[in-house]
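Student: Below is the sequence, then the predicted model.
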Amino acid sequence: QVQLVESGGGLVQAGGSLRLSCAASGRPIRTYSVGWFRQAPGKEREFVATINWSGTSTYYAGSVKGRFTISRDNAKNTVYLQMNSLKPEDTAVYYCAAAPASYSGSTYKNDYVYWGQGTQVTVSS
């Protein structure tokens, strides 16, 4: 069992930056691929970024590529999402999720077994 807790969300102006953190407890996060997803009001939860267990492979949604960076520190049991050049359309609740290491690179939310409670990101224009 893995418990995930997101933090770092907030209100930021367009063009600004935020860094989200996903802290894991229970089992070591190093055995899992970790993804970030987001859900805006009235929309489906969508894939944002994912990182493999060792941090050597990452994959991004086209809408955030070049602006967001996912990273991890297995020693701290934490995964990060650095978000730069934020746009109003990035406004959503952001969730981190963990999948077995064999699901490296997965963009499908159904492959992720453990989920955090989410953190709100609001980007004003």
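Tutor: Good, I have the coordinates. Keep in mind it's a predicted model, so treat the numbers as computed, not measured.
Student: All the strands of the protein, residue numbers only.
Tutor: 3-7, 10-13, 18-25, 32-39, 46-51, 58-60, 68-73, 78-83, 92-100, 114-115, 119-124 (DSSP state E).
Student: just so I know, which of those lies nearest residue 108?
Tutor: strand 46-51 (7.6 Å; C-beta to C-beta). Where you see a C-beta, it was placed from the backbone N, CA and C, and this is true even at glycine.
Student: Put the alpha carbons of that closest one into PDB.
Tutor: As requested, the backbone C-alpha atoms of strand 46-51 are provided in PDB (Å, rounded to 0.1, in the frame of the first residue of the first chain):
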ATOM      1  CA  GLU A  46      -6.200  13.900 -18.200                       C
ATOM      2  CA  PHE A  47      -2.600  12.800 -18.300                       C
ATOM      3  CA  VAL A  48       0.000  15.400 -17.800                       C
ATOM      4  CA  ALA A  49       3.400  13.700 -17.200                       C
ATOM      5  CA  THR A  50       5.000  10.500 -16.100                       C
ATOM      6  CA  ILE A  51       8.400   9.300 -14.900                       C
END
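Student: In that strand, which residues are buried?
Tutor: 47-51 (16 or more other C-beta atoms under 10 Å).
Student: residue nearest the centroid of the protein?
Tutor: residue 36 (2.3 Å; C-alpha atoms, centre = their mean).
Student: Bridge partners for the closest residue to residue 34 other than its chain neighbours, pull those for me.
Tutor: Spatially, and ignoring its direct neighbours in sequence, residue 34 is nearest to residue 79 (4.4 Å; C-beta to C-beta, 6 or more residues apart in numbering). With DSSP bridges as the criterion, residue 79 is bridged to residue 22, residue 72.
Student: which residues does residue 79 contact?
Tutor: 21-22, 24, 29, 34, 36, 51, 70-73, 96 (C-beta atoms under 8 Å, 6 or more residues apart in numbering).
Student: Kindly report the same for residue 61.
Tutor: Going by C-beta under 8 Å, 6+ apart, the list of residues near residue 61 reads 46-49, 107.
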